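Undergrad: Structure for the following, please:
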Amino acid sequence: MRLVVAVGLLALVLAGSAAARIEAFTGNVCKFVPTAKVVAIKGVSAKCTNAAPAAGVGSKIYVGNWVGQTPHSDTVQVTISVYTDSGALQLAAHNLKQGLPGGTPKHLKGIGTSAFEATAAYATGIHFQAGKNIVYMSLNAFGANPTAAARAALEALAKSVAAKL
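TA: The predicted model follows:
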């Protein structure tokens, strides 16, 4: 009897902590994405603007834009596409390597189901799948490709967002 009660209590604790970890995405990218992770990218401010949601093929698309601290600072854009059509999601996941800023996409581990990153033309992009969501992140630099530190901070941001989705 005690073993059954102990197992039941453990299950409730584990379920409660898992539920506490997962925050539902409600369509507000600026509030969903951790500001501390965004401003860890040198020059990016905490000021974020949500774009109006848009309809996509089998999905709804939400975008948040973080401006630089100066006109010559890096900026960040995060797009979260929430899919309701499994076929469209499968196609989007298949195409994750496409649409990156240039260079050869490299596979990233530990970010969603499948993630790719590329840097070129003053930008770094990361695309990944997390559940029924496809996320596109871009870090846009002024006058040079993003630094290694900025790219590492963008990867940390991607891991954080993937873990919440």
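Undergrad: Could I get the phi/psi values of S73?
TA: Dihedral angles of S73 (phi, psi; degrees, to the nearest 10) stand at phi -100, psi 160.
Undergrad: That one: neighbour count?
TA: Residues near S73, counting by other C-beta atoms under 10 Å, number 16. Any C-beta I mention is one placed from the backbone N, CA and C, and that applies to glycine too.
Undergrad: State the distance from the residue lying closest to it once chain neighbours are set aside to V67.
TA: Using C-beta to C-beta, 6 or more residues apart in numbering and skipping the chain neighbours, the partner closest in space to S73 is G43 (3.3 Å). Plainly put, G43 is 10 Å away from V67 if you go by C-beta to C-beta, to the nearest Å.
Undergrad: Give me the common contacts of these two.
TA: Residues touching both G43 and V67 (C-beta atoms under 8 Å, 6 or more residues apart in numbering) are S73.
Undergrad: so where do the helices sit in this protein?
TA: Here the chain has its helices, by DSSP state H, at 2-21, 29-32, 35-39, 86-94, 148-164.
Undergrad: mean pLDDT lowest for which of the ones you listed?
TA: Out of the helices of the chain, helix 2-21 stands lowest, with a mean of 40 (criterion: mean pLDDT).
Undergrad: How about the contacts made by the residue nearest to S73?
TA: Contacts of G43 (C-beta under 8 Å, 6+ apart): G68, Q69, T70, S73, D74.
Undergrad: swap in A130?
TA: Applying C-beta under 8 Å, 6+ apart to A130 gives the contacts G112, T113, V161, A162, L165.
Undergrad: Contact partners for V135?
TA: By C-beta under 8 Å, 6+ apart, the contact list for V135 reads 78-81, 112, 126-129, 158, 161-162, 165.
Undergrad: now these in a markdown table, with distance to N50 and neighbour count?
TA: Formatted as a markdown table, the contacts of V135 follow (distance: C-beta to C-beta, whole Å; neighbours: other C-beta atoms under 10 Å):
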| residue | distance to N50 | neighbour count |
| --- | --- | --- |
| V78 | 10 | 24 |
| T79 | 11 | 19 |
| I80 | 11 | 23 |
| S81 | 14 | 22 |
| G112 | 22 | 23 |
| I126 | 20 | 29 |
| H127 | 20 | 28 |
| F128 | 20 | 24 |
| Q129 | 22 | 23 |
| A158 | 19 | 24 |
| V161 | 15 | 25 |
| A162 | 20 | 21 |
| L165 | 17 | 19 |
